[in-house]
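Undergrad: No sequence on hand, only this structure:
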C-alpha cells in the first residue's frame, strides 16, 4: 500500500478548504497521514512510524519515515499559533507529566525526575526571566485651537448685525460693558487706548 505519494494532491485539497473531492486512494492516503499525526501527538514519532510498519500496511521503514515527514509537512505547514500559546500549552503538558511522576514516585530518582520536569516547565513558561517593564507613554495633551474666524473651525459665520441687536437688547448693563461685548464679538473695531483705559479704571475700583 501507499507506493504512490499523494502529498501534492492533498496540499491542494487542504488549500481548497477540503472542498475538493478525493479519490478513494487519495482519501486512504490522507487518513493514514492524519492517523500518524494523532499518534505522533499522543505517543511520539517512533509509534507513528511503527503504525505503518504493521498490518494492514506493512510498509518498509524508509517509506514509513517518508510518510511521517509528509504528515508533518502537510498538517503543520501553516502553523499560525503564536509562540506564547505554544509555551502555555507545553507548560500545561509538562505540569501534568510532573504530577504523574510525583504520584507514582517510589524513590529519590523519581523525585529528581519530577524536579527536572518542573524546571523544564519553569523555563518554557519563561519564569526564569525578569518581567518586562511596561513603558508608560506620555499622555497626549489635548489640542486647542483658537481662531477669530468661525469658518476656520468649520462653523458658519455669525451675522454681526443680529448679534449687535442682541447685545443692545441686554438690559441692566452700562454703555462701556456693551461696547466691550461688541469688541469681543468683533462687531466694532478694537480701540487699544480705550481698552487700556477700561483696564485702569477696573484696577482702580478693586
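TA: Yes, it's here. No experiment lies behind these values; they were computed from the predicted model shown.
Undergrad: buried set for the helix or strand containing residue 183?
TA: Applying DSSP states H and E as the criterion places residue 183 in helix 175-184. For helix 175-184, burial by neighbour count (16 or more other C-beta atoms under 10 Å) applies to 179-183. Where you see a C-beta, it was placed from the backbone N, CA and C, and this is true even at glycine.
Undergrad: Could you list the low-confidence segments of the chain?
TA: 77-83, 85-86, 89, 132-137, 140, 142-159, 185, 189-206 (pLDDT under 70).
Undergrad: list the helices and strands the helix holding residue 183 packs on?
TA: helix 160-168, helix 192-205 (3 or more C-beta pairs under 8 Å, 6 or more residues apart in numbering; DSSP states H and E).
Undergrad: Just the helices from the protein, written as ranges.
TA: Remark: helices assigned in the chain by DSSP state H are 7-15, 24-43, 45-53, 61-76, 83-103, 108-124, 160-168, 175-184, 192-205.
Undergrad: Any chance of a markdown table for those helices, columns distance to residue 141?
TA: Listed next are the helices of the chain as a markdown table, based on distance: least, C-beta to C-beta, whole Å:
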| stretch | distance to residue 141 |
| --- | --- |
| helix 7-15 | 51 |
| helix 24-43 | 54 |
| helix 45-53 | 59 |
| helix 61-76 | 49 |
| helix 83-103 | 35 |
| helix 108-124 | 43 |
| helix 160-168 | 32 |
| helix 175-184 | 27 |
| helix 192-205 | 31 |
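Undergrad: what's the closest of these to residue 139?
TA: helix 83-103 (28.2 Å; C-beta to C-beta).
Undergrad: Tell me the gap between the closest one and the middle of its chain.
TA: Put simply, helix 83-103 sits 24 Å off its chain's centre (C-alpha atoms, centre = their mean, to the nearest Å).
Undergrad: likewise stretch 107-124?
TA: 33 Å.
Undergrad: Just the buried residues of that stretch, please?
TA: 114, 117-118, 121, 124.
Undergrad: what's residue 184 in contact with, if anything?
TA: Counting by C-beta atoms under 8 Å, 6 or more residues apart in numbering, residue 184 makes contact with nothing.
Undergrad: Break the protein into its domains for me.
TA: 7-76, 83-124, 150-198 (automatic domain parsing).
Undergrad: got those as TSV, with distance to residue 138 columns?
TA: Output for the domains of the chain, formatted as TSV (distance: least, C-beta to C-beta, whole Å):
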stretch	distance to residue 138
domain 7-76	43
domain 83-124	28
domain 150-198	26
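Undergrad: of all the buried residues of stretch 107-124, which comes closest to residue 16?
TA: Using C-beta to C-beta, the buried residues of stretch 107-124 come closest to residue 16 at residue 124, 35.8 Å.
Undergrad: Now do the contacts for that closest one.
TA: Contacts of residue 124 by C-beta under 8 Å, 6+ apart are 87, 90-91, 94.
Undergrad: Would you mind checking the residues you listed for buried ones?
TA: By 16+ other C-beta under 10 Å, these give 91, 94 as buried.
Undergrad: want to throw the contacts of residue 124 into JSON lines with distance to residue 108?
TA: Formatted as JSON lines, the contacts of residue 124 follow (distance: C-beta to C-beta, whole Å):
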{"residue": "87", "distance to residue 108": "30"}
{"residue": "90", "distance to residue 108": "26"}
{"residue": "91", "distance to residue 108": "25"}
{"residue": "94", "distance to residue 108": "21"}
